[in-house]
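[1] Prediction below, plus the sequence it came from.
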Amino acid sequence: MTNLLQTLTSEEHDADDRSLLDIYAKLVLTCTPEQKDAWIAHHGTADLNMAKLFETDVSLHQSRCLEAITTCGDTLGGDFGSYSPLFNFIPQEPDPTDPTDSSSMAFALRALHLIQKLALKLDDADWLDETMRSLLARLVRRKPSAEFTSDALDAMAYCAPQRPGKHPRGTRWRRIDLEKKYWLNILRLWRRDPSLY
């Protein structure tokens, strides 16, 4: 598949060939990591389904995500949001060390801890808003250990001031609705074990 894609994309295409690029972007998912990297370097990630791309090699992309955090200087760039599927739903299987939390929850916590440890600023925190909402909802639903929950809340408390003031998807009323769900989930966690928080 890698050789086929290299052959198909060996010639320059103009704007009229946009539909072909969409098809080629789907082929990228079946290629070697090197060919995927070459595609992203040349075309960017806009045409790719990043969730499906990450599913092809979760550990490789988790490693790259952590590397992006540790090598960014003092500010995490706006393109970091492309890693958000790794925090929110990939992979979905239970974490080997604790089946009450998922592997993606454990990885999200690991990344938030690293951001906290390095005291990073965030260029674009829309991904953080999405990640915190997702993590809170899953803490309520999956009921992981009190230690994991407390650890996750501490990491989110550090990152919370950098959440965006206006939700990218919308209206003022949608923002209010999302905020209500956000705080309602925090209240549910507190009611489960008030002594911890």
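    Nice, thanks for sending it over.

[2] how about the CA coordinates for the longest strand along the chain, as PDB?
    Counting residues, the longest strand in the chain under DSSP state E turns out to be strand 98-102. Below are the C-alpha coordinates for strand 98-102, written out as PDB (Å, rounded to 0.1, in the frame of the first residue of the first chain):
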ATOM      1  CA  ASP A  98      -6.700  -0.600  37.100                       C
ATOM      2  CA  PRO A  99      -9.700  -1.900  35.100                       C
ATOM      3  CA  THR A 100     -12.000   0.800  36.400                       C
ATOM      4  CA  ASP A 101     -10.300   3.400  34.300                       C
ATOM      5  CA  SER A 102      -9.500   3.300  30.600                       C
END
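
[3] what is the mean pLDDT for the next helix or strand after that strand?
    Counting by DSSP states H and E, the next helix or strand C-terminal to strand 98-102 is helix 103-117. Confidence over helix 103-117 (mean pLDDT, whole number) is 91.

[4] Could you tell me the angle between helix 103-117 and strand 98-102?
    Taking axes from the mean of the first three to the mean of the last three C-alpha atoms, to 10 degrees, one finds helix 103-117 and strand 98-102 inclined to each other by 80 degrees.

[5] what sits against Leu60?
    Counting by C-beta atoms under 8 Å, 6 or more residues apart in numbering, Leu60 touches Pro33. All C-beta atoms are positioned from the backbone trio N, CA, C, and that covers glycine.

[6] if you set the cut-off to 10 Å instead, what comes out?
    Counting by C-beta atoms under 10 Å, 6 or more residues apart in numbering, Leu60 makes contact with Pro33, Lys36, Phe54.

[7] could you flag which of those are buried?
    Using 16 or more other C-beta atoms under 10 Å as the burial test, the contacts of Leu60 include Lys36, Phe54 as buried.

[8] Kindly state the domain boundaries assigned to the chain.
    Domains of the chain are assigned by automatic domain parsing as 1-48, 52-196.

[9] If you average pLDDT over each of those domains, which is lowest?
    Ranked by mean pLDDT, the domains of the chain bottom out at domain 1-48, which scores a mean of 72.

[10] Where do the helices of the protein begin and end?
    With helices called from DSSP state H, the chain shows them at 2-8, 18-28, 33-43, 50-56, 58-70, 84-88, 103-117, 126-142, 146-159, 172-192.

[11] Indicate which one of the ones you listed is closest to Gly78.
    Gly78 sits nearest to helix 126-142 of all the helices of the chain, at 8.6 Å, using C-beta to C-beta.

[12] Just give me how far the closest one sits from the chain centre.
    11 Å (C-alpha atoms, centre = their mean, to the nearest Å).

[13] Also stretch 51-71?
    Remark: stretch 51-71 is offset 10 Å from the chain centroid, using C-alpha atoms, centre = their mean.
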